[in-house]
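Engineer: here is my input; please provide its structure:
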Amino acid sequence: MLVRANSVMLECQVEGTPGCDWLVLSHSIATDLTMWDEQVRVFGDRFHILRYDTRGHGGSHAPPAPYSFADLEADVIGLLDAFEIERAHFVGLSLGGMIALGLAINHPDRLHSIAVCDARPDSPPAFRAPWDERIAVARNEGMPGLVASTLQRWFLPDTLVTQPGVGEHVARMIKKTSVDGFVGCAAALQHLDYEAGLNRIVTPTLLLAGDADGPIPGINLKMAEAIAGARNAVIPGAGHISNLEQPRLFNEALAQFLDDLSAPLAQPRRA
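Structural biologist: Next up is the predicted model:
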C-alpha cells in the first residue's frame, strides 16, 4: 500500500501479529522491502511488522535528488504517525542502519530499540569518494550499470555461486531502484554525520555486521564504546548484506537481542 509520510508516498507492507510490539524494517540503498522476506517469516508471530520502501526505491515515489538523513528520518516518523505507532523496534541495514542511528539520536521517544546492521556513523573521504563514481554510472548508464560491481562489493564470491538466487534477487532490486532515488540516497550517505551524537543514544542498541563486511566490524567496536550498553554481534561468513547471505545466523542474533530486552518495554535507558 502507498502511504503519505513527510509529503512523500511510500510503499509499505504491514504483516505479523496485531497487538504485539511493532517491528519496523528499513533496507539498504538500491534494494527494497523484499530483502526482509525471511525476517518477516521468522518474526511475524511475535511482532506486528511494518516494512517500507525508502523514498526513490521499490514502489515508493522518488522526489528529486538530493536527499538528507533528516529527510529519511522524517519519512520514518511520518510512517509511525500514519500507522499510529507510538514506539517501535527499528531494524535497519546499511542505509537503514544509519537511519536507525539518526532516529535514536533525534527521536528516542519513538523507539523501543534499534538494530544497526552493517552500517557506519560517518562519511570519511575514503567512504565518500566512491559514491561520485556510482552516481555517475547511475546517471549515464542507468541502474543496470551498477549491478555487477554492487554484487561483488556486497557478497562473498562463494555466495554468488552457491546461492545464485540471492544474487538474482538483489540484481532485480537494484534495477528496480529509480536513478533519482539512488542518487538522492547516495548524496545523503556522502553527508552522513552521526558520529558526534552516538554518546547521546539511550535506546537499547544492537550493532551487527558480517565478519567480511570490510571495516564495519571494527567500526562497530568503536560505536559500542560510545553507545552506553550497546551489544555487538558478528555474523560469520557474511559480507555487507548479512541478512540475505546468512539469514539463519542473522535471525538468531536479532532474536537473542530482542528476547533479552525486558518487558514491558516502556522507556529507553537513561545515560
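
Engineer: could you list the paired strands of the longest strand along the chain along with their orientation?
Structural biologist: In the chain, with assignment by DSSP state E, the single longest strand is strand 8-16. Strand 8-16 sits in its sheet next to strand 2-5 (antiparallel), strand 48-52 (antiparallel), going by DSSP bridges.

Engineer: got the buried residues for the shortest one?
Structural biologist: Counting neighbours by 16 or more other C-beta atoms under 10 Å, one finds that the buried residues in strand 2-5 are 3, 5. C-beta coordinates here come from the backbone N, C-alpha and C atoms, glycine included.

Engineer: need the three-state assignment for the residue of the chain most remote from its centre.
Structural biologist: Centroid-distance maximum for the chain: Asn140 at 26.7 Å, with C-alpha atoms, centre = their mean. Classification of Asn140 by DSSP: H, G, I helix; E, B strand; the rest coil places it in helix.

Engineer: pipe the strands paired with strand 8-16 into TSV and attach distance to Ile29 and mean pLDDT per row.
Structural biologist: Below are the strands paired with strand 8-16 laid out as TSV (distance: least, C-beta to C-beta, whole Å; pLDDT from 0 to 100):
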stretch	distance to Ile29	mean pLDDT
strand 2-5	19	98
strand 48-52	14	98
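
Engineer: reformat these as TSV; add distance to Ser178.
Structural biologist: As requested, the strands paired with strand 8-16 are exported to TSV (distance: least, C-beta to C-beta, whole Å):
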stretch	distance to Ser178
strand 2-5	15
strand 48-52	15
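
Engineer: tell me which of those strands sits nearest to Cys117.
Structural biologist: Checking those against Cys117 by C-beta to C-beta gives strand 48-52 as the closest, at 14.0 Å.

Engineer: what's the closest one in contact with?
Structural biologist: Contact with strand 48-52 is made by 3, 10-27, 33, 36, 40, 43, 60, 79, 83, 85, 88, as judged by C-beta atoms under 8 Å, 6 or more residues apart in numbering.

Engineer: could you report the distance from the most centrally placed residue in the chain to Tyr52?
Structural biologist: For the chain, the residue nearest the mean C-alpha position is Gly96 (2.1 Å; C-alpha atoms, centre = their mean). Gly96 is 10 Å from Tyr52, where distance means C-beta to C-beta, to the nearest Å.
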